[in-house]
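Asks: got a predicted model here, sequence first, then my questions.
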Amino acid sequence: MEDTEWNCYHPSTVIGLQTSNNVNTTDTIKEELMDEDKGANNRREMTNDEDNGRNEQEDNDVLTDLLDETPPHLSHRAHTLQKTFRRSPKLQSTKSFPPYSQPIGGLGYERDSDPESESDYETADVTLNSSSKRIAQDTGFEQPDAFRLDTWKTPTRCSREELRARLKRSSEVGIKGTEDVTCDGGTNVDGWERRERWIGKRRPKETGEQGGGEGTHHRRETKKGVCDQEEGDTNGISSEVEEEEGLMRRRMMRAERKTWQEGIKDEVSQPHPILAKLLHSSGSSSSSFSLYSAESEEVYSEGEDTDSRLKTLRKCFSWKTLKTIISLGRSSPSSWVQLAGHQGNFQLSDGGEVLKLYSETEAMCLDNLMRDPLRPFVPQYHGLLTQGEERFIRMEDLLDGLTRPIIMDCKMGIRTYQEDELVKCRTAPTLRSDMYHKMLQADPGALSAEEHEQRGVTKLRYLRWRDTTSSTSALGFRIEGIMMENGNVQRDFRKMLSLVQVTEVLLYFTRSRLDILRAYHCRLQALGDALERSSFFSSNEVIGSSLLFVHDYSGKANVWMIDFGKTTPTPESIRIRHNVQWTEGNREDGYLIGLASLTSSLHQAITLASQQQ
Ligand SMILES: O=P(O)(O)O[C@H]1[C@H](O)[C@@H](OP(=O)(O)O)[C@H](OP(=O)(O)O)[C@@H](OP(=O)(O)O)[C@H]1O
Ligand SMILES: Nc1ncnc2c1ncn2[C@@H]1O[C@H](COP(=O)(O)OP(=O)(O)O)[C@@H](O)[C@H]1O
C-alpha cells in the first residue's frame, strides 16, 4: 500500500555530491572556506584587517551590553555572548549527566548571528504543510516564525569548481588528519562498500543534479594512518578524484553548518508550543541555549547562581580575554551535536569522524557488526585512535551530509539496566547521591522516607524508576531527546507514555512531513528485516542502545543504531528473542517490542499526516 509504494531505501543506490543549479556563491561561504583553508594553526589568529575591524565592532557591542546591563538574570544577549564563549568540550573520563532539562554538548554554535546574514541565505523550497497548520489550529497555538517550515532558510553553496579550487589551495597548506592511529586487526573487513546514507525522496532539484559521474557518495576524507590506508582500499574509494570530492563535500557541509549556526544563534530557546502543551512543561526544559549548558559549565563554576555568574563573567573577562575567546569561538571547525549520553565522552576528529571514549564492549560490538547484516544500520567503525593516554573509538559521523540536522534519540528496550546491576545491588549496594538528586528534582514523591534520609539511591533503583516512569517499560523504548533545526533541544519526554503521545511527538519532530515519516517507517522495516537475519542480534543482549533518527529540510532522512556500551554476548545456551518480557536470567531486552511500537507509531503518524493534507 502506501508504505510499500514508497520505494525509499536502496542500499545499492549511490548518492553523490549534491549541488544546485541555482547555487549562489556567497561571501559568507567563501569566508568560511577561506578560513578553513588557512589551516588549523592559522585558525586561531585573526589575520585580516577587515575581519579585525568588523569583529572589534561586534565584540565592542557585546562588551558594552555586558557592562551596561545589570539584570537579575542573564539577558538574551548575555546568553548569546555565552554561546560565543563556548569552547569545544574537553574530553573527560568521568561520566556526569545533566538533568533532563539540560543539553549535552556539541562543537558548534560558535558565532553570534548577524541579522544581515539573512542575505546570505536563499529561501528553501519548502512550505508549511497543511498538517502542521492544522495541528497549530487544533491546539490553538500560533506557530512562531522560528518553527515554520516556510521560513526555513537554506544556506547557499559554493559551486563545485570553486570548492575544487579551494580544496587545491587548502591541500597546499596541508590538511591535518589523524596521524597517530592505532588499529586493531579486526577492523578491516572485505568489501566496505559505499552505501546509501539517506533514505526518502530527494527534492527534485537535488536528484536531477546528481546524475552522471557525480553520483558517487563518499563518507570521509583520506587520512594518513594505517587504518585509513587499509580502509581506503577496502572501501574502494581510492581514486584521487573521489577522495577530492569526498573532502570537498565534507568541507562544504561544514561551511553550510557554520552558516546555519550563525542564523540560529539569536533565536530564543523555547519549546515548540505544541510540544510544550504536550509536555505540560515550560520553556525552561528547552535548553539549547541554556545558561546551564554543558559548555557553560566550563566557563562558570558549579553551584554559582545566575547573579554571581554574571559578576564572575564581568570580573573574569578582560577585553583581551574576550577578544581571544571570541576569535577562538569563530574558528571552531565543526557543529557536531551530542543529543544524549554521557557528557564529555565525545570528540570530533579533524577528519570529521566521531571519536567516542573507548569501551571494550562497544568496540567489540562495532567490530562484529561490520561483518553482520546490521552493518548498514550502524555507524561505520574505523578502528581505534590513541591520543596520549586516551583511547577512542573512531566512527562515522551520522550527521555528516545533513544541513541543519533534526535529530531524535530513542533508547530501545524494555529495561535499561543490565542483569549485573541486580547482582551489584544485592552484593554491594552503593548509594548514588547524584541519582537521588535527579529523582528529587523530577518527582520528590517517588522517593521513600528512607531514601530521603539516606539522600541516595542505588543505580538499579534509579534506572528502574526511569524505565517505569517513561515509556520504556510499557512500549519498549523512550525518547531521550530531540533537536530541531534551530538547535532547540527537548529532553524531557518522561510524560510520553502512550503511543498516541509518541505519535504527536513524531508529527512535531517531522513537522508532519510525509516524505520524512515514510522514509523513517521504511527504514525501520528494513531494520526489522536485518535484525531477523543478524547473528549479532540473536546472540547479544542489547541494553541501552539507541535508534538515532536524523533528517533535514531537504528530505534526507535515516535511522541508525548507536550506543553498544551495554550490549553483551549471551552464553550459547541462551538465545534471546527480543520480543518477550524479561525475567531475571532470561536476558531478554525487549528491543523488538520497542521497534514494533515505534513502527506502529510512525504508521499512525503517516495516517494522520495523510489525512491532514
Ligand atoms: O539518562 P539518565 O537518566 O541520566 O541516566 C543515565 C543513563 O541511564 C545511562 O545509561 P545509558 O548509557 O544507557 O544512557 C547510565 O549510564 P551507564 O549505565 O551506561 O553507565 C547512567 O549511569 P552512570 O553512568 O552510572 O551515571 C545514568 O545516570
Ligand atoms: N556516530 C555518531 N554520529 C553522530 N552522532 C552521534 C554518533 N554517536 C553518538 N552520537 C550522538 O551522541 C549522543 C550520545 O551517544 P551515545 O552513544 O548514546 O552516548 P553514551 O554512550 O554516552 O550514552 C547521541 O544521542 C547522538 O546525538
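Replies: That came in fine, so what should we check first? Ligands and ions are numbered 1, 2, ... in the order given.
Asks: count the residues that sit near Trp560.
Replies: 18 (other C-beta atoms under 10 Å). C-betas here are computed from N, CA, C, even on glycine.
Asks: quick check on it: phi, psi?
Replies: phi -130, psi 150 (degrees, to the nearest 10).
Asks: contacts only, for it.
Replies: Shown in contact with Trp560 (C-beta atoms under 8 Å, 6 or more residues apart in numbering): 377-379, 398, 547-548, 550.
Asks: narrow the residues you listed to those in strands?
Replies: Counting by DSSP state E, these place 547-548, 550 in strands.
Asks: between these, which is nearest ligand 2?
Replies: Of all those, ligand 2 sits closest to Leu548, with 5.5 Å by C-beta to the nearest ligand atom.
Asks: what sits against that closest one?
Replies: 339, 398, 407-410, 559-562.
Asks: beta partners for it?
Replies: Beta-bridge partners recorded for Leu548 (DSSP bridges): Asp409, Trp560.
Asks: ligand 1 versus that one, what's the distance?
Replies: Here the criterion is C-beta to the nearest ligand atom, to the nearest Å. By it, Leu548 lies 13 Å from ligand 1.
Asks: and the closest residue to ligand 2 within the stretch 401-550 of the chain, how close does it get to Val489?
Replies: Nearest residue of the stretch 401-550 of the chain to ligand 2, counting by C-beta to the nearest ligand atom: Asp409, 3.8 Å away. Per C-beta to C-beta, to the nearest Å, Asp409 is found 10 Å from Val489.
Asks: low-scoring stretches of this protein, by residue?
Replies: Applying pLDDT under 70 to the chain flags the ranges 1-335.
Asks: which positions in it make contact with ligand 2?
Replies: Within reach of ligand 2 by C-beta under 6 Å from any ligand atom, the chain has these residues: 338-342, 345-346, 354, 379, 395-399, 407, 409, 546, 548, 562-563, 565.
Asks: and these, which are buried?
Replies: Buried members of the residues of the chain next to ligand 2, scored by 16 or more other C-beta atoms under 10 Å, are 338-342, 345-346, 354, 379, 395-399, 407, 409, 546, 548, 562-563, 565.
Asks: biggest separation within the contacts of Trp560, which pair?
Replies: Val378 and Val550 (13.6 Å; C-beta to C-beta).
Asks: for the two, work out which one has more neighbours and name it.
Replies: Using other C-beta under 10 Å as the criterion, Val378 and Val550 rank with Val550 on top: 24 against 21.
Asks: in space, what's closest to whatever residue of the stretch 351-500 of the chain ends up closest to ligand 1 - neighbours in sequence excluded?
Replies: For the stretch 351-500 of the chain and ligand 1, the shortest gap (C-beta to the nearest ligand atom) falls at Arg466, measuring 4.9 Å. Closest residue in space to Arg466, ignoring its immediate chain neighbours: Thr416 at 6.6 Å, by C-beta to C-beta, 6 or more residues apart in numbering.
Asks: same question, Asp372
Replies: Closest residue to Asp372 apart from its sequence neighbours, by C-beta to C-beta, 6+ apart: Phe536 at 4.3 Å.
Asks: ok, that neighbour - contacts?
Replies: Under the criterion of C-beta under 8 Å, 6+ apart, the neighbours of Phe536 are 365, 368-369, 372, 374.
Asks: okay, it and His578: tell me how far apart.
Replies: 12 Å.
Asks: what of Gly590?
Replies: Distance from Gly590 to His578, by C-beta to C-beta: 7 Å.
Asks: okay, those two: which has more neighbours?
Replies: Gly590 (27 against 23).
Asks: just checking, that one touches Ile576?
Replies: No: counting by C-beta atoms under 8 Å, Gly590 does not reach Ile576; the two are 9.8 Å apart.
Asks: so is the residue of the stretch 351-500 of the chain closest to ligand 1 in a helix, a strand, or just coil?
Replies: Reduced to three states with DSSP: H, G, I helix; E, B strand; the rest coil, the structure at Arg466 is helix.
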